[in-house]
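In: Sequence plus the predicted model coming up.
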Amino acid sequence: MRKSGLLLALLTTTVLTSGCFPYPPGTQCPAIAQASVVSVTVPASYVPHVRTLRLRACQDGVCKEDAVELRPGSVSVDQGCSPDGVCSATASPDGTLIGMLFLGSLTETPMAVTATGTGADGLALPVRTVEFRPRGAFPYGEQCGRFITASVVLDAEGLREKPA
């Protein structure tokens with residue numbers, strides 16, 4: 001497990017530090033592809049109530065539904081920068097659970113997401129639905145392309161779009 005984690009970290013670092021094409025010479029863009037997903041976060045306060053989770057996402061007349069594998073979430077903790085300008089951070093568990101529903105495509109048109117599943121007691125969780133418009137942004141500058149994200153939060157109050 002440690003070797004695979006180290007390999008993943010090395011590959012991620014290599015990919016993020018490389019430039020991408022066909023952008024103008026001197027333009028540095030991370031060489032990462034955008035995954036067409038709806039991400040879900042279960043806050044730490046609601047984690048004890050969730051055993052399994054399914055998401056259904058519908059957009060532009062196409063729906064995708066599947067079980068979502070929930071994994072421990074984390075926050076980035078700044079470790080500062082060295083005198084030569086090398087900065088670092090580490091991930092620290094925050095008690096949340098996160099998961100993703102992979103889609104064929106993702107656009108900025110309205111979408112509906114429904115969450116179902118089972119609670120820790122084995123009973124069905126309430127069916128929750130939210131409608132929202134995924135967000136497009138240029139996190140690496142306009143020269144590096146637009147990224148579209150669709151993120152929701154499931155808690156005791158229901159399902160809602162995750163704030164930016």
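Out: All right, it came through fine.
In: before we move on, which element is the residue most central in space within the chain in?
Out: What sits nearest the mean C-alpha location of the chain, by Cα atoms, centre = their mean, is residue 39, with 4.5 Å. In this assignment (DSSP states H and E), residue 39 forms part of strand 37-42.
In: Quickly run through the sheet partners of the following helix or strand past that strand, with directions.
Out: The element immediately downstream of strand 37-42 (helix or strand, assigned by DSSP H and E) is strand 50-59. In the sheet, strand 50-59 lines up against strand 62-67 (antiparallel), strand 111-119 (antiparallel) (DSSP bridges).
In: most packed of those strands?
Out: Per-stretch averages of neighbours, counted by mean count of other Cβ atoms under 10 Å, single out strand 111-119 among the strands paired with strand 50-59, with a mean of 19. No exception for glycine: its C-beta is placed from N, CA and C like everyone else's.
In: Return the distance of that one from the chain's centre.
Out: 16 Å (Cα atoms, centre = their mean, to the nearest Å).
In: C-terminal to that strand, what's the next element?
Out: strand 128-132.
In: Not counting that following strand itself, show me its contacts.
Out: With Cβ atoms under 8 Å, 6 or more residues apart in numbering as the test, strand 128-132 has contacts from 110-116, 150, 152, 154, 158-161.
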